[in-house]
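Trainee: need a structure here:
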Amino acid sequence: MDWLKLLLGENLFNLLFSKADDDVKKQITAKFEGKKFIEDDGKLIPKSRFDEVNNKKSDLEKELAASKENLTKVKADLASAVKEKENGVKTVEDKLKEITDKLANVEKTNAEKEAQLVLSSKRSVVENILRGLKANEAYIPTLVREFEAKHPLEKLEIVDGKIKDADSILKPFQENYKVMFGEIKVQGNPPNRGAGNASGDYYTHEQIAAMSQAEVSANLDKVNKSLANNT
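Mentor: Predicted coordinates:
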């Protein structure tokens, strides 16, 4: 009966059992016999209740631990998803930039080619005009180079296959290079191209035709003199 004394307290136990007869004691013993109690903070509580509470607490702790573990996993999944999204966005942006750069390069190349075609077309017009003015075919490349040096094709206006303000452009040009226009006619004795010409008194037709525009411009008097001496 010590467990009952601990449960009721000594005073209450003595008060009850000092006056209780044997039959009452037997009934009390029968009622609590076999029941287990746990002392918790100086108090006795039924072990079944203790186990119930303890098990519930344990279950909650397990659930909490599982929940925390799940939270950690969800956070990891979220971080992974965010990273994948960021990488995906970056990949798209990189791809877009790559395509944009390629497009810009293609557009630039196309613009350059179109500009080259325009210049080529203008050059053909100039050549045809020079031929129409009876420019000697041997000097066409030289004349075209000289013409472009004085009248850049980028700024030259051509309308319906004709140069705008042609008279003000072509007449001075033709006059300046008149020895290159008309058929070349060799008369008399050709200039001495031997030792007497070693100092470079004259150019041959081949030399003049092979000159760059800068060379012709730099030696224009000599070129004209050479052409005049060969006509």
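Trainee: ok, how many other residues are close to residue 218?
Mentor: Applying other C-beta atoms under 10 Å, we find 12 other residues in the vicinity of residue 218. For the C-beta atoms, the positions are set from N, CA and C on the backbone; glycine is no exception.
Trainee: could you do the one 4 residues further on as well?
Mentor: For residue 222, the number of neighbouring residues by other C-beta under 10 Å comes to 15.
Trainee: now residue 79
Mentor: 10.
Trainee: could you do residue 121 as well?
Mentor: Counted with other C-beta under 10 Å, residues neighbouring residue 121 total 13.
Trainee: can you spell out which helices and strands pack onto the host helix or strand of it?
Mentor: Residue 121 is part of helix 47-132 when elements are defined by DSSP states H and E. The contact analysis (3 or more C-beta pairs under 8 Å, 6 or more residues apart in numbering; DSSP states H and E) places helix 47-132 against strand 37-40, helix 140-150, strand 162-163.
Trainee: out of these, which comes closest to residue 123?
Mentor: Nearest to residue 123, of all the helices and strands packed on helix 47-132, is helix 140-150, at 6.4 Å by C-beta to C-beta.
Trainee: listing partners with orientation, what would you give for the helix or strand following that closest one?
Mentor: Using DSSP H and E, the helix or strand that follows helix 140-150 in sequence is strand 158-159. With DSSP bridges as the test, strand 158-159 is paired with strand 162-163 (antiparallel).
Trainee: residues in contact with the next helix-or-strand element following the partner strand?
Mentor: Next helix or strand after strand 162-163 toward the C-terminus (DSSP H and E): helix 166-176. The contact list for helix 166-176 (C-beta atoms under 8 Å, 6 or more residues apart in numbering) reads 129, 133, 146-147, 150-151, 163, 181, 220.
Trainee: farthest pair within those residues?
Mentor: Checking the contacts of helix 166-176 with C-beta to C-beta, the most distant pair is 163 and 220, at 22.0 Å.
Trainee: neighbour count for those two, which is higher?
Mentor: When neighbours are counted by other C-beta under 10 Å, residue 163 comes out ahead of the other of residue 163 and residue 220, with 19 against 13.
Trainee: could you find the closest non-adjacent residue to that one?
Mentor: Counting by C-beta to C-beta, 6 or more residues apart in numbering, residue 169 is the residue found nearest to residue 163 once chain neighbours are left out, at 5.9 Å.
Trainee: what about residue 227, how many neighbours?
Mentor: Number of residues near residue 227 (other C-beta under 10 Å) recorded here: 21.
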